[in-house]
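K.L.:
here's a sequence, model it:
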Amino acid sequence: ANQLNEFLQGAVFVAHNAKFDYGFIRAELARCDITLDMPQLCTVVNMRRYYPGLQSYSLGKLCEEFEITLINHHRALADATATAELLKLINARRTATE
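P.N.:
The predicted structure follows:
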């Protein structure tokens, strides 16, 4: 828990449905008397903002829509890798509109 907390210092917590993942990790760290307080970026929220009008914003459907490889869906590494690809799309759209 201490190593994870140190690793997260100064970072932004990025996840697809970030509130769920952040809440889970925050609760587990709290069991070790560690308070997690960091900025969050939710790829669901940001995909809705920068890519409005899609039929679904689930990770699987977004990966299909944008041809992002997602093998072993609902496994940590696969979902994190796909989420990183979504973040790249979000950042590209965000920079283009600013």
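K.L.:
residue 41 belongs to a helix?
P.N.:
No. Looking at residue 41 with DSSP: H, G, I helix; E, B strand; the rest coil, it is strand, so not inside a helix.
K.L.:
got the contact list for the lengthiest helix in the chain?
P.N.:
The helix spanning the most residues in the chain, taking DSSP state H as the definition, is helix 76-97. For helix 76-97, contacts defined as C-beta atoms under 8 Å, 6 or more residues apart in numbering pick out 14-16, 41, 43, 46-47, 50-51, 59, 62-63, 66, 68-73. All C-beta atoms are positioned from the backbone trio N, CA, C, and that covers glycine.
K.L.:
what's the closest non-adjacent residue to the residue most central in space within the chain?
P.N.:
Nearest residue to the geometric centre of the chain (C-alpha atoms, centre = their mean): residue 15, 1.4 Å. Excluding its sequence neighbours, the residue lying closest to residue 15 (C-beta to C-beta, 6 or more residues apart in numbering) is residue 21, at 4.1 Å.
K.L.:
over to residue 2?
P.N.:
Nearest to residue 2 is residue 34, by C-beta to C-beta, 6+ apart, at 7.2 Å.
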